[in-house]
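K.L.:
need coordinates for the below:
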Amino acid sequence: MSAGWMTRADVAAVLGVHTNYVTRLLNEGLPHLRLGNHVRIRPDDLEAFLAARILRAGGGDEARRRAARAMMSRCP
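P.N.:
You can find the predicted model right below:
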């Protein structure tokens, strides 16, 4: 996993969604660091957040890990 921080635009590109959806994820509990108007997300936090959401949606542990890894493999 990348050691750097991701912007909202980076997360949106990885997930293939609009930045407004990333803002919604932040409001729903995606861990992040806010510096004024700037938001930064650690790739590991994004992966864990996605894995937990996939698990709640009914995916098993292995399916959860595969899906999270597949999404994060597109991480810059």
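K.L.:
okay, CA-based contacts and neighbour counts for the rest of this
P.N.:
OK.
K.L.:
any weak-confidence spans in the chain?
P.N.:
Where the chain drops to pLDDT under 70, the residues are 1-3, 55-76.
K.L.:
quick one, helices of it?
P.N.:
With DSSP state H, the ranges of helices along the chain come out as 8-15, 19-27, 43-56, 61-72.
K.L.:
give the other helices and strands that the longest one contacts.
P.N.:
Helix 43-56 makes packing contacts with helix 61-72 when contacts are defined by 3 or more C-alpha pairs under 8 Å, 6 or more residues apart in numbering; DSSP states H and E.
K.L.:
apply 10 Å and report the result again.
P.N.:
Helices and strands touching helix 43-56, as assessed by 3 or more C-alpha pairs under 10 Å, 6 or more residues apart in numbering; DSSP states H and E, comprise helix 8-15, helix 19-27, helix 61-72.
K.L.:
ditto for the second one
P.N.:
Contacting helix 19-27 under the criterion 3+ C-alpha pairs under 10 Å, 6+ apart are the following elements: helix 8-15, helix 43-56.
K.L.:
could you redo the last one with a cut-off of 6 Å?
P.N.:
Contacts defined by 3 or more C-alpha pairs under 6 Å, 6 or more residues apart in numbering; DSSP states H and E place helix 19-27 against helix 8-15.
K.L.:
for the helix it packs on, packing partners?
P.N.:
helix 19-27.
K.L.:
quick one: buried residues of the helix it packs on?
P.N.:
Within helix 19-27, the residues scored as buried using 16 or more other C-alpha atoms under 10 Å are 19, 22.
K.L.:
what angle sits between it and helix 8-15?
P.N.:
Interaxial angle of helix 19-27 relative to helix 8-15 (axes from the mean of the first three to the mean of the last three C-alpha atoms, to 10 degrees): 100 degrees.
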